[in-house]
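> here is a sequence with its predicted model. Questions after.
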Amino acid sequence: MTTLAPTATALPPVVEPADSLSVDEVRRYSRHLIIPDVGMSGQKRLKNARVLCIGAGGLGSPALMYLAAAGVGTLGILEFDTVDESNLQRQIIHGQSDVGRSKAESARDSIREINPYVNVVVHDERLASSNALRVLAGYDLIVDGTDNFATRYLVNDAGVLLGKPYVWGSIYRFEGQASVFWAEHGPCYRCLYPDPPPPGMVPSCAEGGVLGVLCASIGSIQVTEAIKLLTGIGQPLVGTLVVYDALALEYRRLKVRKDPNCAVCGDRPTVTELIDYELFCGAISTEAADAARDSTISVVQLDQWLTERERGERDFVLIDVREPGEYEIVAIPGSVLIPKGRFLDGTALGELPTDRQVVLYCKGGVRSAEALAVVKGAGYADAVHVGGGVVAWVTQIEPDKPTD
Amino acid sequence: MSVTVRIPTILRTYADGASELTVDPATQTVAGVIDALDAKAPGIGARILDDGGSLRRFVHVYIDDEDVRFLSGLDTATPERTVVSVVPAVAGG
């Protein structure tokens, strides 16, 4: 891949400068002020800027911390989740004592410690079509740190409708992508990816894992882009997709074109107001939903079935369809591992017993429903899956075990 | 006439974990490269193309830094030593 000179040109600053900086602020931001490109004017623009960070998780953690340290005057945090121990490997804005707390409040406290001059606005709510325009309207720029396609399309569409720049990043294992979507000056997210992948085809970080420090690699690109846009310096990533491969330590720049047929920012848009994004992205495929209907057992039922199997009163094979790394961390006793992919490509079918019932489970019940659709399609009419998966099992049956 | 294909992380399971594969396509086009790639990494073709043989709308194929959608799509020529990148949508954060 050749590294080309940036094709985008500088854009006017997104915000006007604040009237002044206090003596304390001048001392605090001195290393910015002596950079000629930033200077007093750039730092005053940061002070006047209102940035909304959607999600205070993997990408949101470093993004919020550096935006705060840089002196962005108003930082909004939109997050409804609570801090879990499994977040701490990468979500560095939260600490051990924050486990169980609201992520938004934990992030707010960290930001106050980093920079007391930042006005933090907490939106302890889930972003939805009903509140997105109202929330986003109060900000100059949006930084996206969410972990699902539905919210990403929602933020993109709301950003296009409101004319806001949208600094986008996404991560998986050792690889990340980043870009700036701003329909007034270039492409939007739908120009790049017009449709989301069908549910289950692309694994999430919760399923596939993510190298913790990758969040900093991509989150810091997002903050760099935000600062450039707010102050009007450099060439922003408008029209460019950066793909980062941590294993090769390589950044590739790929062109993203504005699509004249784009559903939301094209010449004849078909999306002119926010839609139902869960439906657009499909939380679960139709096949999986059909298969799971009337073929879902609870963890309590499974526990009973396992007892009956031990007594010789019942026979079935219990199959975990997660990945080996997840199975190593925690599994339901008496299960065997056959990852979901081997059902989807058909290689698992040869290993299934024909004389016993098949019971499938995964982490939360989505992957096992997809595998169930394949198993039922192959003629195993009495196959079932476990609703809520190993997470429900640990919560209700074996609370001393960890969840992955 | 070999062509290098960059495999994204989420599709490396089809390629025994390889980040890059070199293929010798029968025809020097993107379609030919995907065919040859699927022969080396069975199953990967179906993740890039839909049942009708068109590029899926959440996967991009780049020739160097250009999206083939804005070139000649699957008919885009892939001369010797072209680098083809497959870039799928990823949502993790």
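Structure's in. What do you need?
> alongside chain B, which residues does the stretch 51-200 of chain A contribute?
With CB under 8 Å from any CB of the partner chain as the criterion, the stretch 51-200 of chain A comes near chain B at residues A:55, A:57-60, A:144-149, A:152, A:169-175, A:177, A:192-197. Just so you know, the C-beta spots here come from the backbone N, C-alpha and C atoms, and that holds for glycine as well.
> buried subset of these?
Applying 16 or more other CB atoms under 10 Å in any protein chain shown to these, the neighbour count classes A:55, A:57-60, A:144-149, A:152, A:169-175, A:177, A:192-194, A:196-197 as buried.
> from the contact counts, what lies against the top helix by length along chain B?
Using DSSP state H, we find that the single longest helix of chain B is helix B:30-40. With contacts taken as 3 or more CB pairs under 8 Å, 6 or more residues apart in numbering or on different chains; DSSP states H and E, helix B:30-40 sits against strand B:3-6, strand B:20-23, helix B:44-48, strand B:59-63.
> in that helix, what counts as buried?
Quick answer for helix B:30-40 (16+ other CB under 10 Å): B:Val30, B:Ala31, B:Gly32, B:Val33, B:Ile34, B:Asp35, B:Ala36, B:Leu37, B:Asp38, B:Lys40.
> which non-adjacent residue is nearest the last one?
By that I understand B:Lys40. B:Leu21 (5.6 Å; CB to CB, 6 or more residues apart in numbering or on different chains).
> doesn't B:Val5 make contact with the one you found?
Yes. Applying CB atoms under 8 Å, one finds B:Leu21 in contact with B:Val5, separated by 5.1 Å.
> the more surrounded of the two?
Taking other CB atoms under 10 Å in any protein chain shown, B:Leu21 and B:Val5 do not tie; B:Val5 has more neighbours (26 against 20).
> can you pull the contacts of B:Asp75?
The neighbours of B:Asp75, taking CB atoms under 8 Å, 6 or more residues apart in numbering or on different chains as the test, are B:Thr29, B:Val30, B:Ala31.
> so which of the buried ones among the residues of the stretch 51-200 of chain A next to chain B belong to helices?
Per DSSP H, those map to helices at A:Gly60, A:Phe149, A:Arg152, A:Leu192.
> quick one on the thing from earlier: now the contacts of B:Asp75 in JSON lines, with distance to B:Asp75?
Shown next, in JSON lines, are the contacts of B:Asp75 (distance: CB to CB, whole Å):
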{"residue": "B:Thr29", "distance to B:Asp75": "5"}
{"residue": "B:Val30", "distance to B:Asp75": "7"}
{"residue": "B:Ala31", "distance to B:Asp75": "7"}
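> and those, which is closest to chain A?
Taking CB to the nearest CB as the measure, chain A lies nearest B:Val30 of those, at 15.1 Å.
> who's in contact with the closest one?
Counting by CB under 8 Å, 6+ apart, the residues that B:Val30 touches are B:Val61, B:Ile63, B:Val68, B:Gly73, B:Leu74, B:Asp75, B:Thr76, B:Thr78, B:Val84.
> tell me, how many residues neighbour the fifth one?
Yep, that's B:Leu74 we're talking about. B:Leu74, neighbours per other CB under 10 Å, totals 19.
> report the secondary structure state of it.
helix (DSSP: H, G, I helix; E, B strand; the rest coil).
> got the contact list for it?
Applying CB under 8 Å, 6+ apart, the residues near B:Leu74 are B:Thr29, B:Val30, B:Ala31, B:Ile34, B:Gly53, B:Ser54, B:Leu55, B:Val68.
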